[in-house]
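J.: Provided below are the primary sequence and the corresponding predicted coordinates.
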Amino acid sequence: MKKQSVDMKLSKLMTKMLRHKPLESGLQLDEEDGSCSVEELLRVIKALPGWSEIKLSDMERVVRNSDKQRFEIKNGRIKARYGHSYQKIQYTPGNPPAVLYHGTSKQALPFIMSDGLEPMGRQYVHLSESTHFAALAGRRKGELVMLKIDSLKAAAEGIPFYYAGSEQ
């Protein structure tokens, strides 16, 4: 199997474990930031059929090369940076930049225009400082529509903003 294909499968597996189904995967994530030790995640993955040869360097490469910067490794711990569906992750509240972007699909646009941006089964709505990262998320579900968010106005109207980490 090609390294790129293995990396994509490993990224999807890590996403499932760290964002959506940690308990079912055998992981106990920190309640505050959703992290676990890198060694624990590696142990759980290696125990799965077909994954016994995975190394720490493979996980680190997936983290480093993630197009959407999904993961973060810091002080021997790993976490998904955003997109959690299983529990409320604590992010640092902050003041947003003047403009943020949200990539979505053309078919979702009428719903957004009538109901506003909703997390759709996730804990938060993901906004990006760049159109590049917003487009990566928005392209997954059809024809891309880029929304430009007046985040200063939204914050002034009481919408809270949280910082999930910088985009690289």
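T.: Alright, I've got the coordinates. Residues are numbered from 1 along each chain as shown.
J.: per-residue confidence averaged over whatever helix or strand Val62 lives in?
T.: Using DSSP states H and E, Val62 falls within helix 56-65. What helix 56-65 shows for mean pLDDT is 93.
J.: Show me what it is packed against.
T.: Contacts defined by 3 or more CB pairs under 8 Å, 6 or more residues apart in numbering; DSSP states H and E place helix 56-65 against helix 3-15, helix 38-46, strand 71-74. Placement of C-beta: from N, CA and C, glycine included.
J.: contacts for that helix?
T.: Contacts to helix 56-65, defined as CB atoms under 8 Å, 6 or more residues apart in numbering, come from residues 6-7, 10-11, 14, 38, 41-42, 45, 70-73, 78.
J.: re the thing from before, if I average pLDDT within each of the helices and strands packed on helix 56-65, which one is lowest?
T.: Comparing the helices and strands packed on helix 56-65 by mean pLDDT, the weakest confidence falls on helix 3-15, with a mean of 87.
J.: Distance from the chain centre to that helix, please.
T.: 15 Å (CA atoms, centre = their mean, to the nearest Å).
J.: any low-confidence regions in this structure?
T.: Within the chain, the segments meeting pLDDT under 70 span 1-4, 83-91, 164-168.
J.: And the strands in it?
T.: Under the criterion DSSP state E, the chain contains strands at 36-37, 71-74, 77-80, 92-93, 99-105, 144-150, 162-163.
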